[in-house]
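**Q** dropping a prediction and its sequence here:
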Amino acid sequence: MTPDTSVTDKMTKLHLQKDKKIGVYGQKVNLSSNYVRLQCDTSAVYQYAVSYEPQIDSRNMRAHLLYQHNDVIGSVRAFDGATLYLPVKVRSQSFQSIRPTDKSDVTVTINLVKELAPEACVSVYNVIFRRIMDKLKLKQVGRHYFDPSRSVEVPQHKLQIWPGYITAIQHYDGGLMLQTDISHKVLCYETILDSMSSIIQRNRQNFRDICTRELIGCIVLTRYNNKTYRIDDIAWDKNPQCKFTLHNGQETSFVDYYRRAYNKEIRDLNQPLLISRPKKKDRNRQGTNEGQEEVICLVPELSFRTGLTDAMRADFRVMKDLATHTRITPNQRHYGLKQFVERLYSSPEILEELQKWNIILDKNPIMLEGRCLGQEKIHVRGRTLLPQIADWGREVCREKVISAVDLTDWVVVFTRRDAQKTTDYIQMMFQVTRQMGINISDPVRLELQDDRTESYLRVIRDAINPRLQLVVIIFPTSRDDRYNAVKKLCCHESAVPSQVIIAKTISQANKLRSVVQKIALQINCKLGGELWSLDIPPKNLMVVGIDVYHDSPRGKKSIGAFVASTNRTLTRWYSRVCFQLPGQELIDGLRVCFIAAIKKYSEVNHCLPEKIIIFRDGVGDGQLGMVADYEQKQLSASFASFGADYNPSLAIVVVQKRINTRILAADHKGQMNNPASGVIVDHSITRRDCYDFFLVSQHVRQGTLTPTHYVVVHDTTGWIPDHMQRLAYKLTHLYYNWPGTVRVPAPCQYAHKLAYLVGQNIQREPHLSLSDKLFFL
């Protein structure tokens with residue numbers, strides 16, 4: 001038995017050991033989801049490996065060469081470019097095909113790999129559906145399909161939007177189903193060569209540095225094969241006239257290769273080439289030898305940028321203009337899915353394809369019953385709130401926080417031109433903190449004559465002393481280098497909480513109160529205060545959040561962030577980070593962080609935690625087994641550090657945000673809306689071999705919300721599903737940077753903030769004396 005199989009069996013047993021993974025707490029609600037039931041009456045399917053000599057890169061060309069032999073393989077087949085599936089058995093053999101572009105001979109070989117039982121045919125069904133998407137005249141980009149003929153132009157930003165669909169067939173608790181969702185691909189009009197030319201026109205002296213900074217890490221689309229690649233480097237010493245060696249050992253230039261393989265003529269013969277390094281799984285799929293580094297050279301003239309740059313995401317106008325085309329209401333989404341199924345049934349060609357494989361598809365998305373956990377009570381000092389829409393921002397600013405830290409020694413650093421704004425800010429701080437029950441004294445005001453980074457650092461260093469509680473820095477403009485330098489000084493070198501404010505945010509008198517209220521609450525958290533709490537029934541419970549920040553395009557280390565609760569109400573937190581090799585997801589330094597967190601819990605509570613629940617963010621489906629096995633063993637081994645008899649119950653819950661599942665609330669008229677906060681779905685669309693559930697925790701007013709997927713990969717707590725689900729929901733209320741519910745449990749969101757701050761700004765381990773404060777908010 002392979003290690004992967006043993007881990008999968010372990011997760012399946014975890015599910016089977018439960019009497020049931022379905023909870024009962026909450027009010028029943030009618031829901032719909034973006035799944036369509038699918039029936040298939042296929043006996044056996046035979047899988048073949050297909051190879052070509054010489055090697056053929058184009059998937060369409062591979063299919064064309066294979067289909068020249070329909071007399072042998074038949075017309076009922078599913079082919080993904082490398083694997084062929086047939087409902088009948090044929091012997092392994094080779095064929096001679098003719099490539100139409102140059103009339104040369106190509107040898108096509110098919111080898112029988114195995115016979116698939118009906119329950120193991122999910123991969124076949126997905127290949128069949130990819131073929132159906134081709135018949136709809138949709139273009140595959142990456143994993144998904146889009147319709148360029150229905151593209152929408154956004155000319156003011158030089159962008160184009162392709163509408164499309166995400167489809168996947170899988171076995172779920174409710175049976176075999178097709179998951180489908182409406183998606184959009186954002187493309188740039190300009191090629192990468194156009195972007196490079198505009199950079200050269202703006203700055204001829206150091207254009208190479210600017211190109212490297214702006215382009216490395218971008219995802220590009222090559223329209224000749226509709227594949228996406230990440231730019232990892234720019235080869236300034238190469239151009240399209242350079243030669244490379246094909247799989248058969250023959251040398252050819254890029255100009256000749258693109259002319260022969262894709263019928264593309266390259267115009268600019270002096271442009272540099274883009275370098276893309278395939279991921280390990282892609283290299284394995286392509287059969288690259290171990291230890292051999294394979295790089296893909298792309299031509300800028302044929303590469304189009306996909307997605308949005310950071311500058312575009314920060315531009316309100318760009319995001320607003322895009323949202324008018326991409327933001328879809330629940331009703332529109334539900335109607336679009338029904339329309340998609342009708343489109344399949346209205347095509348005789350597609351109906352024939354489905355009938356060949358005995359596939360029957362329901363005409364409507366699945367309807368199911370969920371549960372709503374309802375509103376949670378929010379406790380502030382001396383009062384309990386019961387918000388109706390998971391938002392208590394107004395109330396929390398008017399009430400006293402549950403644990404206030406008086407601010408007596410603090411400094412405010414500002415430039416001369418922001419002197420009046422600084423005065424207004426300080427006066428407003430005195431007004432708003434009085435309502436919150438926080439006492440503050442006059443700060444020391446440090447006025448700068450210029451806004452150079454060195455000036456800020458010098459003044460802050462001079463002001464730091466053992467009694468100093470906080471440094472507030474008011475920047476005239478937003479600048480990353482200046483922000484990074486100040487954060488490095490305060491978080492790594494000097495261990496003093498800091499609050500950076502951009503002058504523009506405190507410049508409008510009519511908005512000043514609401515802005516300063518949020519800043520005051522944030523400052524109280526950074527000093528170790530607590531804002532609100534919930535009822536948390538379990539005693540001696542510690543919850544942990546883990547997330548990872550990757551900066552692989554720039555080759556920097558990845559940062560694993562670990563945040564653990566230290567008190568009974570889960571309102572105080574202890575944080576640590578560990579640095580990882582580029583691209584590594586699983587945290588090798590996890591054990592050190594875990595032991596330190598348990599020690600801190602013991603110091604605060606004078607006892608060790610009896611139950612530990614770990615919420616693990618940043619994990620894809622392919623790594624669930626590794627988390628259940630590798631990380632769980634590291635964590636469990638840590639308990640021995642506290643004595644041979646210490647063995648607390650442990651649960652590891654993977655939290656997945658980037659999913660394609662949608663949950664819609666159906667009213668009595670059949671109209672679809674976003675479900676209320678607290679809706680749980682733990683059946684039908686959950687996985688057959690996992691203990692998992694979907695939770696809607698946030699309140700959304702625009703577009704269609706996406707639930708959060710929780711997968712329990714390890715559990716020795718003995719809790720019933722209701723307890724795990726309710727704890728996850730309660731924790732979404734405890735993120736102090738937002739007076740409302742968030743998409744993930746608070747420790748996960750705190751870990752995300754910490755990992756991002758360290759990875760993006762500090763790039764060093766924060767000072768240990770800050771580890772018991774939320775200094776990273």
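**A** Sure, I can see it.

**Q** quick one: contacts for the closest residue in space to Pro87 that isn't next to it in sequence?
**A** Distances taken as C-beta to C-beta, 6 or more residues apart in numbering put Val76 closest to Pro87, at 5.6 Å, once the chain neighbours are dropped. To be clear about C-beta, it is placed using only N, CA and C from the backbone, and glycine gets the same treatment. Contacts for Val76 (C-beta atoms under 8 Å, 6 or more residues apart in numbering) come out as 86-88, 356-357.

**Q** so for the longest strand seen in the chain, what gets flagged as buried?
**A** Using DSSP state E to define each element, the chain has its longest strand at strand 175-191. Neighbour-count burial for strand 175-191 flags 176-188, 191 (criterion: 16 or more other C-beta atoms under 10 Å).

**Q** can you check stretch 521-531 too?
**A** 521-531.

**Q** how far away from the center of its chain is that stretch?
**A** 28 Å (C-alpha atoms, centre = their mean, to the nearest Å).

**Q** and what of stretch 449-456?
**A** 37 Å.

**Q** which one of the buried residues of stretch 521-531 is nearest Val411?
**A** Among those, Ile523 lies closest to Val411 (C-beta to C-beta), at 12.9 Å.

**Q** excluding its backbone neighbours, what's nearest the closest one?
**A** Once flanking residues are discounted, Ile523 sits nearest to Gln499: 5.6 Å by C-beta to C-beta, 6+ apart.

**Q** by contact count, what packs against the host helix or strand of that neighbour?
**A** In this assignment (DSSP states H and E), Gln499 forms part of strand 498-502. With contacts taken as 3 or more C-beta pairs under 8 Å, 6 or more residues apart in numbering; DSSP states H and E, strand 498-502 sits against strand 470-475, helix 480-487, helix 512-526.

**Q** contacts for that strand next, please.
**A** Residues outside strand 498-502 that contact it (C-beta under 8 Å, 6+ apart) are 425, 470-475, 477-478, 483, 486-487, 490-491, 519, 522-523, 526, 775.

**Q** quick one: it to strand 470-475, angle?
**A** Going by axes from the mean of the first three to the mean of the last three C-alpha atoms, to 10 degrees, strand 498-502 is angled at 20 degrees with respect to strand 470-475.

**Q** dump the C-alpha coordinates for strand 498-502 into PDB.
**A** Extracted in PDB, the C-alpha atoms of strand 498-502 (Å, rounded to 0.1, in the frame of the first residue of the first chain):
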ATOM      1  CA  SER A 498       3.100  51.000  15.800                       C
ATOM      2  CA  GLN A 499       0.200  52.500  13.900                       C
ATOM      3  CA  VAL A 500       0.700  53.900  10.400                       C
ATOM      4  CA  ILE A 501      -1.900  56.400   9.100                       C
ATOM      5  CA  ILE A 502      -1.900  57.900   5.600                       C
END
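
**Q** which of the buried residues of strand 175-191 lies closest to Gly164?
**A** Taking the buried residues of strand 175-191 together and measuring to Gly164 by C-beta to C-beta, the closest member is Ser183, at 5.1 Å.

**Q** the closest one against Gly164, yeah?
**A** Yes - if you go by C-beta atoms under 8 Å, Ser183 and Gly164 touch, sitting 5.1 Å apart.

**Q** now do the shared contacts for those two.
**A** With C-beta under 8 Å, 6+ apart, Ser183 and Gly164 have common neighbours 144, 146.

**Q** ok, back up a step: give the rounded mean pLDDT of the strand holding Gln499.
**A** Per-residue pLDDT over strand 498-502 has a mean of 94.

**Q** also stretch 439-452?
**A** 92.

**Q** need the contact partners of it.
**A** 404, 406-416, 419, 422, 426, 429-430, 433, 455-456, 459, 463, 472, 475-477, 482.

**Q** if we go to 7 Å?
**A** With contacts defined as C-beta atoms under 7 Å, 6 or more residues apart in numbering, stretch 439-452 is touched by 406-408, 410-416, 419, 422, 426, 429-430, 433, 455-456, 459, 463, 476.

**Q** among those residues, the buried ones, what's the ChimeraX command?
**A** Per 16+ other C-beta under 10 Å, the buried members of these correspond to this ChimeraX selection:
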select :407,410,411,412,413,414,415,422,426,429,433,456,459,463,476
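
**Q** just the ones of the contacts of stretch 439-452 in strands?
**A** Going by DSSP E, the strands hold 410-415 from these.

**Q** out of those residues, flag the one nearest to His709.
**A** Nearest member of the ones in strands among the contacts of stretch 439-452 to His709, counting by C-beta to C-beta, is Trp410, at 42.4 Å.

**Q** pretty sure the closest one is touching Gln469, no?
**A** Yes - shown here, Trp410 and Gln469 form a contact pair, counting by C-beta atoms under 7 Å, at 5.5 Å.

**Q** host element of the residue most central in space within the chain?
**A** By C-alpha atoms, centre = their mean, the chain has its centre lying nearest to Arg658, at 4.7 Å. Per DSSP H and E: Arg658 is located in neither a helix nor a strand.

**Q** excluding chain neighbours, what is closest to Gln388?
**A** Nearest non-adjacent residue to Gln388, counting by C-beta to C-beta, 6+ apart: Gln375, 6.5 Å away.

**Q** now swap in Leu274 and tell me
**A** Leu298 (4.1 Å).

**Q** got the contact list for the nearest residue to Ser403 once chain neighbours are set aside?
**A** Spatially, and ignoring its direct neighbours in sequence, Ser403 is nearest to Glu530 (3.8 Å; C-beta to C-beta, 6+ apart). When contacts are counted by C-beta under 7 Å, 6+ apart, Glu530 touches 401-403, 571-572.

**Q** alright, I will stop here.
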